[in-house]
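Engineer: here is the input, now give the coordinates:
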Amino acid sequence: VAAAVQRLQREDDEVAMRRDVELEVLRRQLHGVDEEMSASRAELARSIGELSEAKHAQVCFRSRAAEELELALGRASEAEATLERVAKEAAMEVAAVATA
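Structural biologist: Purely as a prediction, here's the structure:
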């Protein structure tokens, strides 16, 4: 009986040791997964930051482009008005010369 008890105790100890080894392997695997997830989160955060910066740059570029277009349209309008005024003045000079 004592031998059977010792054998059962040994088997129990062996099972406990195997379980402890398996648990340690699982802990290490879990730690590796946690590290990978942390690295992935950091990379994702960097990517989101880069996208945000790119979007901001695009908005700024569009805003500057719209301002420059507005200024160009204003200059074109002024040039058109000047051209109309010069054409009217030239037409009046031609009419004055023609009637003189």
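Engineer: from Ala72, how far out is Ser78?
Structural biologist: To be clear, residue 78 is Glu; Ser isn't right here. As judged by C-beta to C-beta, to the nearest Å, Glu78 and Ala72 stand 11 Å apart. In short, each C-beta sits where N, CA and C put it, glycine included.
Engineer: any chance you could map the helices in the chain?
Structural biologist: 2-99 (DSSP state H).
Engineer: what's the spacing between Glu93 and Ala100?
Structural biologist: From Glu93 to Ala100 the distance is 11 Å (C-beta to C-beta).
Engineer: of these two, which one has the most company?
Structural biologist: Higher neighbour count among Glu93 and Ala100: Glu93, with 10 against 5, using other C-beta atoms under 10 Å.
Engineer: contacts only, for that one.
Structural biologist: Contact analysis of Glu93 by C-beta atoms under 8 Å, 6 or more residues apart in numbering lists nothing.
Engineer: any stretches of this protein with poor pLDDT?
Structural biologist: Along the chain, segments meeting pLDDT under 70 are nowhere present.
Engineer: pick out the residue closest to the middle of it.
Structural biologist: The structure's the chain has its C-alpha centroid closest to Leu51; by C-alpha atoms, centre = their mean the separation is 1.0 Å.
Engineer: measure it to Gln58 for me?
Structural biologist: 10 Å.
Engineer: what does Lys88 give?
Structural biologist: 45 Å.
Engineer: next one: Leu23
Structural biologist: 52 Å.
Engineer: likewise Ser38?
Structural biologist: Counting by C-beta to C-beta - Ser38 and Gln58 are separated by 30 Å.
Engineer: right, I'll leave it there.
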